[in-house]
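Peer 1: Model the following, please.
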Amino acid sequence: MNKTLLAFSVIAILLFGTFTTNAQEQTSSKGIFTKIDSYLTAGSSNGFSGAIAVVKNGETIINKGYGYANKDAETGNNPNTIFDIGSNTKQFTAIAILKLVELGKLKVSDSLHTYFNELPIDKQSITIHQLLTHTAGFEESIGNDYSSFGKLSEITQKDFFEKLFASKLLSEPGEKYSYSNVGYSLLGRIIELASEQSYEAFLNKHLFSPAGMTQTGYLLPTWNTEQLSHGYNRNIIETESTVRLYQEAGDVNWHLQGNGGMNSTQNDMLLWYKALRSNIILTPESFKKLTTPYVVMNSRKTHSYGYGWIVNSSISNAFRISHDGSNGTFYHSLIWFPEGDIFISYATNANSSKVEGIAYVIAKIILDEDYSPTPIKNNIYAYIMDYIKQHSTDESVKLVTLLKENYADDFTNSRPLNTLGNLLLRFNENLDWSIELFKINVERYPEDGNLWDSLGDGYKANNLKEDAITSYKKAIDLGYKDSQKKLTELIKN
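Peer 2: As a prediction, this is how the structure comes out:
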């Protein structure tokens, strides 16, 4: 073979090989898209509402929304929909700390007494590293982020930190892992003290702006209000966007700052991933510190905590960093396989136990071509609510039969019926069904005083005074003391 022909043959082989590889990758990507899209599209008919974004080897495989961001306005979820990302706020806090380390403003070995005066002795030696890894010994929280149905709880900065520093530690600093939201609130305050900027302003300047993210934060973004998602807890309880709560309050309290409650979009999350991947935000050395498994989280030693990320191996023993966040209504997951360059961002505005793990199902779809996911199922609360809207109380026996057949794993305690009965009272609708659900519960769990108290509430709401009195007395006999005040007021009136 002459040199010209040989050269041509080599080039042809290289070109054909490249073409074949690209074609295979495109076919594989299309197949993954189809499998994910079919799974979530089918799930949307069973109440799934949210968005998914997947990047593999630098290519966006899917970036799509499902269900509604606002049911009344019929606004669909999409890559620009603004979701509450919950505790995935913690990764921003951790990275802001490492950015301050790079800027020479602090060290992770710094102790709390460097930043706070008049600390109790047991808190003085706690380090930033211990706060980052949830080993400082603080309890998870010292109050509620939100009161019932979404109202932002109120507490001043002074009161929050005084209460926190006065709280009893669960363990000696550095002794063991114990997940703590308030620990990350402390980190948020340290960011302010070290940078002489507000927490959100520092993140916006050093993290979000360099990444090109314009729809991530609490109050600083110029929010695209048409893209704010409403929340639909279990697909039955509607709440407004938490951004609206912050705007109404004019601030974000320290129950949330630093540890949760930020909002973002799928498109911003992809920009965030790209900025971290290309070291725009952190140096490679700092990124390694971020993703080092410092402390084992559980007895099985399958998960460890880095700085704002959970670090572990998963399917095919692939190195994975991940984190989830939720306020009960919204749920958000980030999964990243750095070595295989796979990134998954998942959000839902209609959280339930049936959809919390969807991001990990998507990971299995990507990593295991033989994996066939179990279809997304409507959650038991939405199922019961749908049944109630379509049937009279005369068909309650059939409801119980259907729940036993279709939700055997979920219908194992009194919670679903008691929760929905109380919601009907709160909504002031289908009050006859509220009584029926409570009656089913006391028949199934006759020794539970709380359930008899709920039945009393149902009778009272339906103006059935004598039945309410009988139920409250039964609750008191079973040791449920909260019924006494209700009984006294009812008899008096």
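Peer 1: okay but Gly183 is in contact with Leu131, surely?
Peer 2: Yes. Here Gly183 lies in contact with Leu131, judged by CB atoms under 8 Å, at a distance of 4.5 Å. All C-beta spots, glycine's among them, are computed from the backbone N, C-alpha and C.
Peer 1: what about this protein, any weak spots by pLDDT?
Peer 2: 1-27, 143-152, 299-300, 313-317 (pLDDT under 70).
Peer 1: quick one: the strands in it?
Peer 2: Residue ranges of the strands in the chain, as given by DSSP state E, are 50-56, 59-66, 68-70, 75-76, 83-84, 231-233, 237-239, 263-264, 295-296, 304-305, 310-313, 319-326, 331-337, 342-348.
Peer 1: Could you identify which of those strands is most buried?
Peer 2: Among the strands of the chain, ranked by average contacts under mean count of other CB atoms under 10 Å, first place goes to strand 83-84 (a mean of 29).
Peer 1: List the pairing partners of that one within its sheet, with orientation.
Peer 2: The strands beside strand 83-84 in its sheet (DSSP bridges) come out as strand 263-264 (antiparallel).
Peer 1: Return the distance of Tyr346 relative to Ile380.
Peer 2: According to CB to CB, to the nearest Å, Tyr346 stands 22 Å off from Ile380.
Peer 1: Could you do Lys158 as well?
Peer 2: Counting by CB to CB, the separation of Lys158 from Ile380 is 43 Å.
Peer 1: more neighbours, those two?
Peer 2: Ile380 (23 against 9; other CB atoms under 10 Å).
Peer 1: surely that one meets Lys404?
Peer 2: No. Between Ile380 and Lys404 there is no contact under CB under 8 Å: 11.3 Å.
Peer 1: list the residues that contact both of the two?
Peer 2: Phe411 (CB atoms under 8 Å, 6 or more residues apart in numbering).
Peer 1: Which residue is the nearest non-sequential neighbour of the residue nearest the centre of the chain?
Peer 2: The centre of the chain sits closest to Ser326, judged by CA atoms, centre = their mean, with a distance of 2.2 Å. Distance criterion CB to CB, 6 or more residues apart in numbering; nearest residue to Ser326, sequence neighbours excluded, is Gly86 at 4.6 Å.
Peer 1: quick one: the one you found and Tyr480, what's the gap?
Peer 2: Distance from Gly86 to Tyr480, by CB to CB: 33 Å.
Peer 1: Those two: which has the busier surroundings?
Peer 2: Per other CB under 10 Å, whichever of Gly86 and Tyr480 has more neighbours is Gly86, with 28 against 19.
Peer 1: Touching, the more buried one and Leu334? I think so.
Peer 2: No. Assessed by CB under 8 Å, Gly86 is found out of contact with Leu334, at 10.8 Å.
Peer 1: which residues are common contacts for these two?
Peer 2: Asp324.
Peer 1: Show me the helices in the stretch 251-400 of the chain, by range?
Peer 2: Using DSSP state H, counting those that start in this stretch, the helices assigned to the stretch 251-400 of the chain run over residues 266-277, 284-290, 358-367, 380-390, 396-406.
Peer 1: What are the buried residues along the third one?
Peer 2: When you say that, I think you mean helix 358-367. Burial within helix 358-367, assessed by neighbour count using 16 or more other CB atoms under 10 Å, is assigned to Ile358, Ala359, Tyr360, Val361, Ile362, Ala363, Ile365, Ile366, Leu367.
Peer 1: which one of the residues you listed is nearest Arg444?
Peer 2: Nearest to Arg444 out of the buried residues of helix 358-367 is Ile358 (CB to CB; 31.3 Å).
Peer 1: Could you pull up the residues touching the nearest residue to the closest one once chain neighbours are set aside?
Peer 2: Spatial nearest neighbour of Ile358, excluding adjacent residues (CB to CB, 6+ apart): Tyr346 at 5.8 Å. Contact partners of Tyr346, counting by CB under 8 Å, 6+ apart, are Gly50, Ala51, Ile52, Ala53, His332, Ser333, Leu334, Ile335, Ile358, Ala359, Ile362.
Peer 1: ok, for the first one, nearest residue in space, not its chain neighbours?
Peer 2: So the one you mean is Gly50. Here the residue nearest Gly50, using CB to CB, 6+ apart, is Thr348, at 3.4 Å.
Peer 1: these two touch, right, the one you found and Ser333?
Peer 2: No. With contact defined as CB under 8 Å, Thr348 does not reach Ser333; the gap is 9.0 Å.
Peer 1: Any idea how many residues pack against Thr329?
Peer 2: Look at Thr329: counted by other CB under 10 Å, it has 25 neighbours.
Peer 1: For it, give its distance to Asn233.
Peer 2: For Thr329, the distance to Asn233 - CB to CB - is 4 Å.
Peer 1: residues shared between the contacts of these two?
Peer 2: In contact with both Thr329 and Asn233: Thr239, Ala350, Asn351, using CB under 8 Å, 6+ apart.
Peer 1: and which of those is nearest Tyr68?
Peer 2: Ala350 (8.6 Å).
Peer 1: That closest one and Gly67 touch, don't they?
Peer 2: Yes. Contact criterion CB under 8 Å: Ala350 and Gly67 qualify, at 6.7 Å.
Peer 1: Of these two, which one has the most company?
Peer 2: More crowded of Ala350 and Gly67, by other CB under 10 Å: Ala350, with 29 against 22.
Peer 1: Name all residues that make contact with Ile280.
Peer 2: Counting by CB under 8 Å, 6+ apart, Ile280 has contacts Pro210, Ala211, Lys274.
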